[in-house]
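Student: build me a structure from this.
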Amino acid sequence: MRRSIVTWTFVLLLVLASGSSAPAVVAQGTDALAIGGPTGGFVITPGSVATFTSIGFNACNSLTAGFNAGSYQARFDFPGGCGSTTRPNVSIGPFAAPTAVTVFLTDNHCQVTYFSDGTPVDHVIVSGSNPFLLRFADGGGNCERANATFNVFQGCNFCVTLTIVDAPINATGKSVSAVEGAGANLAVATFTDPDSAATAAGYAATISWGDGTTSSGVITGTTSFAVAGSHIYAEEGNYSISTTITDVDSPSNSATATSTANVADAALTAAPACRASTLGSYNAPTATFTDAAGSLGTAANFTASVDWGDGNTSAGTVSASGAGSYSVAGTHNYASLGQFTIKTTIADDGGSVAVTSCTTIGFSFAPGGGAFVIGSQHDAAGQPVTFWSAQWVNINLSAGTRNSHSFKGFAKSPASPTCGATWSADPGNSTPPPSGPLPEFMGVIVTSSTTQAGSDASGSVAHIVVVKADPGYAPNPGHNGTGTVVAVVC
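Tutor: All right, here's what the predicted structure looks like:
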């Protein structure tokens, strides 16, 4: 970037020479007076071009005007006699190094030369800020050769506009990689400036991310610069990035670089969530999962498939739980009892996949209605139990009341037990219990005590568990019914 753009306006007869010759100022005698000095006052930065426009004379004296810029020299003559004239525009550059520019006017009659070195002296006024307007007034017939600040003359005997145009910004886009939902600082472009004195603060950058959002870029570097910005893409995909870099001092000097953002789908993490057991139709969650994209995703972004472990597969229903968390639920009717491994596969529409599995046990209560009962000290999974025996009370209620010795382990009521209800039974095996065979996976009541009122026993349904029944059961209480707890229903 250039630190300044300079424009001068002057009218001259042009003599343009390239080389190392002395400045093209009219030679002066020993009594010549220089107002200001041939030190420049304007600098063309590397790669920039200086243009002199609106060059004009309006005078009666013989005048010589021009400029010096390194090896470039130009001279314009006005022969005298009252009148006005213009001269063609002149452009110089670009230069490889910073180059000072000096504009001058020589009053040939008074032998005075005025320089545009930025010193505000009488007969020279510099105004504006790139472009610059330079106005020179000759000494006139009085040849007062004044060097005090005055600057009150109207019009000008010689005028020129100087504009220094920065070298074009050369920008190149850089493709980036990101993950949806994850914030990242992405370097999207580079650009160069031939001016070794240029700084990052001299530029501004705007990044259009291709998803309908824009933000300011951060520029770093010296001479060779980089543009980066922080952004979060809500969805995976390929996005076209457009980065515009602008020279702060010269907004018309800008460049746009294009690149691509390759945004990957965020990872999914799944966990099992099966119901431990099911009585009849399974209608419950099978899995939970999280999306690393966080809250930017929706349930509609996902599909789920549930393999029920019995040779059947169906679609699962995905529901949002908030903050990037989701659940999968399904419904299935198992044709038989048993232990089934349910596998849930979740797929993001962006390509990420997660799989999890868990088991459920399909069970039923005793055939014909009612249920067997065990004591509460035997309700833990993996615990061997006796649910039917002439010694039921002694086996199951070693602690607590034991006033129901006639109870052998089968409750006729309710026909379909639920947790929190009560059960009741006739004494002995007079209900009668099921003749068998029993379900391999059978729902069993867990009770903490029994109470006998007359000939009837009763108790509370503290829990329901699933027992895998052993062979050998018979309705005669002399043939124990045994098994192992494999799941807790409630």
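Student: low-confidence ranges in the chain?
Tutor: 1-40, 118-122, 141-142, 144-153, 398-405, 428-430 (pLDDT under 70).
Student: where do the helices sit along it?
Tutor: Taking DSSP state H as the criterion, the chain carries its helices at 392-396.
Student: need the contact list for the residue most central in space within it.
Tutor: Nearest residue to the geometric centre of the chain (Cα atoms, centre = their mean): Ile232, 0.8 Å. For Ile232, the contact set (Cβ atoms under 8 Å, 6 or more residues apart in numbering) comprises Gly181, Ala182, Gly183, Ala184, Leu296. Yep, even glycine has a C-beta here, placed from its N, CA and C like the rest.
Student: can you tell me how far it is from Val444?
Tutor: 54 Å (Cβ to Cβ, to the nearest Å).
Student: now do Gly481
Tutor: For Gly481, the distance to Val444 - Cβ to Cβ - is 10 Å.
Student: do the same with Asn333
Tutor: From Asn333 to Val444 the distance is 23 Å (Cβ to Cβ).
Student: in the stretch 1-150 of the chain, which spans are strands?
Tutor: Assigned by DSSP state E, counting those that start in this stretch, the stretch 1-150 of the chain shows strands spanning 8-9, 16-18, 33-35, 42-44, 49-59, 63-69, 72-78, 83-87, 90-92, 99-107, 112-115, 124-128, 132-136.
Student: for the stretch 201-350 of the chain, that is, sorry about that
Tutor: Using DSSP E, counting those that start in this stretch, strands in the stretch 201-350 of the chain cover 203-208, 214-216, 218-222, 224-231, 237-247, 250-264, 268-272, 277-279, 281-291, 302-307, 313-322, 325-333, 338-348.
Student: with mean neighbour count added, can I get those strands in a markdown table?
Tutor: Below are those laid out as a markdown table (neighbours: other Cβ atoms under 10 Å):
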| stretch | mean neighbour count |
| --- | --- |
| strand 203-208 | 21 |
| strand 214-216 | 13 |
| strand 218-222 | 14 |
| strand 224-231 | 20 |
| strand 237-247 | 19 |
| strand 250-264 | 17 |
| strand 268-272 | 17 |
| strand 277-279 | 20 |
| strand 281-291 | 20 |
| strand 302-307 | 20 |
| strand 313-322 | 15 |
| strand 325-333 | 19 |
| strand 338-348 | 20 |
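Student: name the nearest residue to Gly237, ignoring sequence neighbours.
Tutor: Nearest-residue entry for Gly237: Val263, 5.7 Å, with adjacent residues in sequence omitted and distances by Cβ to Cβ, 6 or more residues apart in numbering.
Student: tell me what that neighbour is bridged to.
Tutor: Beta-bridge partners recorded for Val263 (DSSP bridges): Ala178, Gly237.
Student: and it, what does it touch?
Tutor: Ser177, Ala178, Val179, Glu180, Tyr233, Glu235, Glu236, Gly237, Asn238, Tyr239.
Student: with Pro79 instead?
Tutor: Counting by Cβ under 8 Å, 6+ apart, the residues that Pro79 touches are Ser62.
Student: can you tell me how far it is from Gly210?
Tutor: For Pro79, the distance to Gly210 - Cβ to Cβ - is 64 Å.
Student: swap in Ser416?
Tutor: Ser416 is 60 Å from Gly210, by Cβ to Cβ.
Student: do the same with Gly443
Tutor: Taken as Cβ to Cβ, the span from Gly443 to Gly210 is 59 Å.
Student: so what's Phe340 bridging to?
Tutor: Thr360.
Student: where's it relative to Ser357, distance?
Tutor: 10 Å.
Student: can you check Thr213 too?
Tutor: 40 Å.
Student: what sits opposite Phe410 in the beta ladder?
Tutor: What pairs with Phe410, by the bridge criterion (DSSP bridges), is Phe372.
Student: contact partners for it?
Tutor: Phe410 touches Ala366, Gly370, Ala371, Phe372, Val373, Trp388, Ala425, Asn429, Thr431, Pro433, Pro434, counting by Cβ under 8 Å, 6+ apart.
Student: taking those residues, tell me the two that lie furthest apart.
Tutor: Greatest spatial distance among those (Cβ to Cβ): Ala371 and Asn429, at 14.8 Å.
Student: of those two, who's got more company?
Tutor: Ala371 (24 against 18; other Cβ atoms under 10 Å).
Student: right, and that one touches Phe365 too?
Tutor: Yes. Taking contacts as Cβ atoms under 8 Å, Ala371 lies within contact range of Phe365: 4.8 Å.
Student: what residues are bridge-paired with Ser460?
Tutor: Thr422.
Student: what number of residues lie near it?
Tutor: 18.
Student: state the distance from it to Thr422.
Tutor: Distance from Ser460 to Thr422, by Cβ to Cβ: 6 Å.
Student: same question, Ile346
Tutor: On the measure of Cβ to Cβ, Ile346 and Thr422 end up 43 Å apart.
Student: got it, and Gly237?
Tutor: 61 Å.
Student: next, count neighbours for the closest residue to Gly375 other than its chain neighbours.
Tutor: With Cβ to Cβ, 6+ apart as the measure, Asn396 is the residue that lies nearest to Gly375, at 3.2 Å, once sequence neighbours are left out. The number of residues packed near Asn396 is 24, by other Cβ under 10 Å.
Student: quick one: contacts for Asn396?
Tutor: Val373, Ile374, Gly375, Gln377, His378, Val385, Thr386, Gly409.
Student: which of the residues you listed has the most neighbours?
Tutor: Gly409 (28 neighbours).
Student: surely that one touches Ala371?
Tutor: No. Counting by Cβ under 8 Å, Ala371 is not a contact partner of Gly409; they are 9.8 Å apart.
Student: of Thr213 and Ser357, who's got more company?
Tutor: Ser357 (16 against 12).
Student: from His378, how far out is that one?
Tutor: For Ser357, the distance to His378 - Cβ to Cβ - is 29 Å.
Student: just the strands in the stretch 351-490 of the chain please.
Tutor: Going by DSSP E, counting those that start in this stretch, the stretch 351-490 of the chain shows strands at 353-363, 371-375, 384-388, 410-411, 422-425, 441-447, 451-453, 456-460, 463-469, 481-488.
Student: show me what the third one is packed up against.
Tutor: Based on contacts counted as 3 or more Cβ pairs under 8 Å, 6 or more residues apart in numbering; DSSP states H and E, the elements that strand 384-388 packs against are strand 371-375, helix 392-396, strand 481-488.
Student: neighbouring contacts of that strand?
Tutor: 372-374, 378, 392, 395-396, 408-410, 433, 444, 467, 473, 477, 479-485.
Student: apply 6 Å and report the result again.
Tutor: Applying Cβ atoms under 6 Å, 6 or more residues apart in numbering, the contact partners of strand 384-388 are Phe372, Ile374, His378, Ile395, Gly409, Val444, Asn480, Gly481, Thr482, Thr484.
Student: now swap in the fifth one and tell me
Tutor: Strand 422-425 is touched from outside by Phe407, Ala411, Lys412, Ser413, Ile445, Asp456, Ala457, Ser458, Gly459, Ser460, Val461, with contacts defined as Cβ under 6 Å, 6+ apart.
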